[in-house]
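Asks: turn this into a model:
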Amino acid sequence: MFKKIHCIVLISLSLLSCQKDKKQDPFEVSFNRIGKLTNTIKVSQLDSIYANDSIVRNSGNGSIVDVAKTIEIYEKGGTKLLSLEPREDNNPASSIESIQIIDSRFKTVSGLSIKSVFKDIKDNYNITKINNTLSSAVIFIDSIQASIAIDKKELPNELKFDTSAKIEASQIPDSAPIKYFIINWEEK
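Replies: Got it, this is the predicted structure:
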């Protein structure tokens, strides 16, 4: 009886230690998470989350309390990682509305990053819709809350200058690179 209890305790301790060692990937992009950020993070928490990095707030008056519409996150070495937009200007309690992924180390589980091409999107995700803008085809992927822009110069000539044309996934070349990769979080 004592041996069974001892074995159960050892197995339990092993499982607990394995769970403690598993850390969140600081560059993983998934539903409601980008690296260290989640959809519930407040602007006021960014200083502690990115304590070892640099945060640039593009504010008008320079006050620490002032929250700009754009907040940029840089590594200490100067590499730009992310560009964040708070839901509300000048409110440290605001949540994050959207995040533009700048650094190619940020990837989804399937490997989608800013360095990917349209084929990577098409092969791994269900495309919700495609919007035709003046300079881009914007692809929406609800499963990761992403809007991904492909430059219209990559599209066939008949689509490049016509903003009213409906763009189909089949009209976008597999080799078309991603122009912008933005995650949009719903308000809680």
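Asks: below-threshold pLDDT in this protein: ranges please.
Replies: Applying pLDDT under 70 to the chain flags residues 1-22, 59-68, 188.
Asks: name the SS class of Phe140, please.
Replies: What DSSP: H, G, I helix; E, B strand; the rest coil gives for Phe140 is strand.
Asks: hang on, it packs against Lys129?
Replies: Yes - under the criterion of CB atoms under 8 Å, Phe140 makes contact with Lys129 at 5.0 Å. Using the backbone N, CA and C atoms, a C-beta is placed for each residue, glycine as well.
Asks: neighbour count: the two, which is higher?
Replies: Neighbour count, other CB atoms under 10 Å: between Phe140 and Lys129, Phe140 has more, with 15 against 11.
Asks: run a quick neighbour tally on the closest residue to that one other than its chain neighbours.
Replies: If the residues on either side of it in the chain are set aside, Phe140 comes closest to Thr128, at 4.4 Å by CB to CB, 6 or more residues apart in numbering. When neighbours are defined as other CB under 10 Å, Thr128 has 12 of them.
Asks: what sits against Thr128?
Replies: If you count contacts by CB atoms under 8 Å, 6 or more residues apart in numbering, Thr128 has them with 140-142.
Asks: dump the residue contacts of Ser83.
Replies: By CB under 8 Å, 6+ apart, the neighbours of Ser83 are 70-73, 99-100, 102.
Asks: filter the residues you listed down to the buried ones.
Replies: Neighbour counting by 16 or more other CB atoms under 10 Å classes 71-73, 99-100, 102 among the contacts of Ser83 as buried.
Asks: gap between Ser30 and Ile167?
Replies: 27 Å (CB to CB, to the nearest Å).
Asks: before we move on, what about Ile150?
Replies: The value you get for Ile150 to Ile167, if CB to CB is used, is 9 Å.
Asks: joint contacts of those two?
Replies: Taking CB under 8 Å, 6+ apart as the criterion, Ile150 and Ile167 both touch Ala137.
Asks: just say helix, strand or coil for Ile167.
Replies: State at Ile167, reduced to three classes by three-state DSSP: coil.
Asks: any idea how far it lies from Ser175?
Replies: Ile167 is 16 Å from Ser175, by CB to CB.
Asks: the two: who's more crowded?
Replies: More crowded of Ile167 and Ser175, by other CB under 10 Å: Ile167, with 22 against 9.
Asks: that one contacts Ser136, correct?
Replies: No - contact criterion CB under 8 Å: Ile167 and Ser136 do not qualify, at 9.8 Å.
Asks: could you report the neighbour count for Lys115?
Replies: 14.
Asks: for it, which non-adjacent residue is spatially closest?
Replies: Counting by CB to CB, 6+ apart, Lys115 lies nearest to Ser104, which is 4.4 Å off, once chain neighbours are set aside.
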